[in-house]
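**Q** My questions are about this predicted structure, shown below with the sequence.
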Amino acid sequence: MARHPTENQDKGRNDGFRVLPSVAAVLADPSLRAVSSLDDTRFAGVVQIALARERAAIAGGARTTRGGIDERLRAAFVALERPALAPAINATGVLVHTNLGRAPVSAETAAAMAGAAAHAVALEIDPGTNERGDRMREIADLMRLLTGTEATLVVNNCAGAVLLALSAVGAGRSVVVSRGEAIEIGGGFRVPEVLRQSGATLVEVGTTNRTYARDYAEATDSATGAYLKMHPSNFRIEGFTHAASTAELVELGRRTGVPVLEDIGSGALLDTSAYGLSAEPTFQQSVAAGASLAMASGDKLLGGPQAGIVVGERVWIERLTRHPLARALRADKTCLAGVGTTLRHYARGEATSKIPVWRMIAASPVDVQERAFAVAARLATLGNAVAVEPTVATVGGGSLPGERLASFGVVLDAGTDSAAADGMVRRLRVGQPAVFGRIERDRVVLDLRSMLPEDDDRLVAAVSVAARSGAPRDGGSGDDDFR
């Protein structure tokens, strides 16, 4: 008799399994079959995986309905049909948004990358001689023109560039770093751990806030392999501070025979102070100061594809090129095509008119405001409650921490209902195209400085669709109301 309550409880727990359809039933459902182009075998495979997840959820106590299962099945098929990396609109106000792919590239750069990906290219062959060529030749020539550097190497990202440089130059030796520059940046990239991975030994000098060239000199001995200067990237120390300059370290290095490696962070080739921002280190400054190697990202302020760009003295670049890690970290043909085309924009003096991140930085607040009013007016004619307000944008991506850019945003007012704002931003994120904004005071804010003008039409269409899909239907109340 004691078993009967347990059996009844088990029966109650298992009732949820009754709503699970069979694979055959899903295959026979035309409404589900219509959303997928998969053949029957692949279609059935997706169904089996999805139903296994449903069973696990029910076993864990979740309640569900056949309608809910069908909705999730449909979403699973749609997700397979739609590329996860489809173009999206960045209306967050963060210009270089790491989670949204950092810097978008110019139309010309995108076309060059697509062309290189789709066709054979003369990557490592000289068309004139039909002999093996140098894959860095084009980029090296452009960087020499732009910065005066002797040689250039491109790898997959800046973290890879730092690891390669330390491995090739400092392995088995000590590398002297200011205590204030033994930093951690995004993704858990910690300078002490990278140094250990490279085979070098970290020697910290100075204090967190003040380090002088004499501190490096006092730590130098016969085992010293390099002086490393790191860009703080995504933080800033202010007040009673001092850091040894690149020029001071180079002068010390000339006396001691120790090379100077500098991570300049964002890869700037333009003077950011000319646009009302604090000065960001540039390739030109590092080369002029005499750094043995300077490393930076290609997809931040340079405005190109993801890459790690290393410039410097030929003897050190050649040492990096010969290191076994160079092949593991090297950039592919699409990246090189993108970096080359991006650098040509600088060579032609058209960075602020062609490179998206510089177009966003250089745009005047008046121009951004006019765009915001134009977008708001179009949304208003479609029945949406909107306003335009001043906002504050940031460069992002670890570039220029604490710096602000005056901007304007289109505001979708949901009153005091936070659930309404949450529902709207979610529908914008999952729409086509996906739109990423932010919520302030229960209102959805779409900041136009982090968008290009070419995306304004797509923004209007996406907001209109998202607003309609959340409006009340059949006399009931929707999950929010932006009309």
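**A** Looks like it arrived, so ask away. All of these numbers come straight from a predicted model, not from anything done at the bench.

**Q** lowest average confidence, helix or strand, in the protein?
**A** None of the helices or strands of the chain scores lower by mean pLDDT, DSSP states H and E than helix 3-14, at a mean of 45.

**Q** export the helix or strand following that helix as CSV, just CAs?
**A** Per DSSP states H and E, the first helix or strand lying C-terminal to helix 3-14 is helix 23-27. Extracted in CSV, the C-alpha atoms of helix 23-27 (Å, rounded to 0.1, in the frame of the first residue of the first chain):
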residue,chain,number,x,y,z
VAL,A,23,9.6,12.3,-34.7
ALA,A,24,7.2,10.9,-37.4
ALA,A,25,4.5,13.4,-36.3
VAL,A,26,6.9,16.3,-36.6
LEU,A,27,8.0,15.1,-40.0
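
**Q** ok, and what's touching helix 23-27?
**A** Helix 23-27 is contacted from outside by 32-33, 40, 43-44, 47-48, 51, 73, using C-beta atoms under 8 Å, 6 or more residues apart in numbering. For glycine as for every other residue, the C-beta is placed from the backbone atoms N, C-alpha and C.

**Q** what comes up buried for that helix?
**A** Val26 (16 or more other C-beta atoms under 10 Å).

**Q** what about the next helix or strand after that helix, average pLDDT?
**A** Beyond helix 23-27 on the C-terminal side, the first helix or strand identified by DSSP H and E is helix 30-33. Confidence over helix 30-33 (mean pLDDT, whole number) is 87.

**Q** Check the offset of helix 30-33 from the chain's centre.
**A** Taking C-alpha atoms, centre = their mean, to the nearest Å, the mean C-alpha location of helix 30-33 is offset from the chain mean by 37 Å.

**Q** can you list contacts of it?
**A** Outside helix 30-33, the residues that reach it (C-beta under 8 Å, 6+ apart) are 26-27, 43, 70, 73-74, 77.

**Q** Can you read off the backbone torsions of the closest residue to Val154 other than its chain neighbours?
**A** Residue nearest to Val154 in three dimensions, not counting chain neighbours: Ala331, with 4.6 Å by C-beta to C-beta, 6 or more residues apart in numbering. Dihedral pair for Ala331: phi -80, psi 150, per degrees, to the nearest 10.

**Q** Hmm, Ala331 is touching Gly304, no?
**A** No. In this structure, Ala331 is not within contact of Gly304 by C-beta atoms under 8 Å, at 10.7 Å.

**Q** Between those two, which has more neighbouring residues?
**A** For Ala331 versus Gly304, neighbours defined as other C-beta atoms under 10 Å are more numerous around Gly304 (29 against 25).

**Q** Could you look up the SS state of the more buried one?
**A** coil (DSSP: H, G, I helix; E, B strand; the rest coil).

**Q** Ramachandran angles for it?
**A** phi -110, psi -160.

**Q** picking that back up, pick the one among the contacts of helix 30-33 closest to Val203.
**A** Phe77 (56.9 Å; C-beta to C-beta).

**Q** can you count the residues close to the closest one?
**A** 20.

**Q** any idea of the mean pLDDT in the host helix or strand of it?
**A** Element membership for Phe77 (DSSP H and E) is helix 66-81. For helix 66-81, mean pLDDT rounds to 87.

**Q** check contacts around Asp447.
**A** 91-93, 391, 393, 407-409, 437-438.

**Q** Considering those, which possesses the most neighbours?
**A** Most surrounded of the contacts of Asp447: other C-beta under 10 Å gives Gly409, at 30 neighbours.

**Q** For it, list each beta-bridge partner.
**A** Glu389, Asp447 (DSSP bridges).

**Q** Help me confirm that it comes into contact with Val386.
**A** No. At 10.2 Å, Gly409 and Val386 do not qualify as touching, with contact defined as C-beta under 8 Å.

**Q** Identify the residues contacting the residue nearest to Val154.
**A** 154-156, 307, 339.

**Q** and with 10 Å instead?
**A** By C-beta atoms under 10 Å, 6 or more residues apart in numbering, the contact set of Ala331 is 135-136, 139, 153-157, 160, 298, 305-309, 337-339.

**Q** Would you mind extracting the C-alpha trace of stretch 429-443 into PDB?
**A** Taking Å, rounded to 0.1, in the frame of the first residue of the first chain, the C-alpha atoms of stretch 429-443 are listed here in PDB:
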ATOM      1  CA  ARG A 429      17.800  41.700 -31.000                       C
ATOM      2  CA  VAL A 430      16.100  38.700 -32.600                       C
ATOM      3  CA  GLY A 431      14.800  40.600 -35.600                       C
ATOM      4  CA  GLN A 432      16.200  40.800 -39.100                       C
ATOM      5  CA  PRO A 433      18.400  42.700 -39.000                       C
ATOM      6  CA  ALA A 434      19.200  42.300 -35.300                       C
ATOM      7  CA  VAL A 435      19.300  45.700 -33.600                       C
ATOM      8  CA  PHE A 436      21.300  46.200 -30.300                       C
ATOM      9  CA  GLY A 437      20.400  49.200 -28.200                       C
ATOM     10  CA  ARG A 438      20.300  49.900 -24.500                       C
ATOM     11  CA  ILE A 439      17.700  50.700 -21.800                       C
ATOM     12  CA  GLU A 440      17.700  53.900 -19.800                       C
ATOM     13  CA  ARG A 441      14.900  54.700 -17.300                       C
ATOM     14  CA  ASP A 442      12.600  52.000 -18.800                       C
ATOM     15  CA  ARG A 443      13.100  53.400 -22.300                       C
END
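
**Q** Pull the number of nearby residues for Ala466.
**A** Other residues within reach of Ala466, judged by other C-beta under 10 Å, total 24.

**Q** Could you give me the buried positions within the top helix by length along the chain?
**A** Criterion DSSP state H: the longest helix present in the chain is helix 40-59. For helix 40-59, the buried set under the neighbour-count rule, 16+ other C-beta under 10 Å, comprises 43, 46-47, 50-51, 54, 58.

**Q** My read is that Gly133 contacts Leu123, right?
**A** Yes. Counting by C-beta atoms under 10 Å, Gly133 does reach Leu123; the two are 7.9 Å apart.

**Q** Return the member of the buried residues of helix 40-59 nearest to Ala461.
**A** Taking C-beta to C-beta as the measure, Ala461 lies nearest Val46 of the buried residues of helix 40-59, at 29.9 Å.

**Q** leaving aside the residues next to it on the chain, what's closest to that closest one?
**A** Counting by C-beta to C-beta, 6+ apart, the residue nearest Val46 is Ala76, at 5.9 Å.

**Q** Please report how far the one you found lies from Gly60.
**A** Noted for Ala76: a distance of 19 Å to Gly60, by C-beta to C-beta, to the nearest Å.

**Q** who's more crowded, those two?
**A** More crowded of Ala76 and Gly60, by other C-beta under 10 Å: Ala76, with 17 against 7.

**Q** Wait, that one touches Gly45, no?
**A** No. Taking C-beta under 10 Å as the definition, Ala76 is not a contact partner of Gly45, at 11.0 Å.
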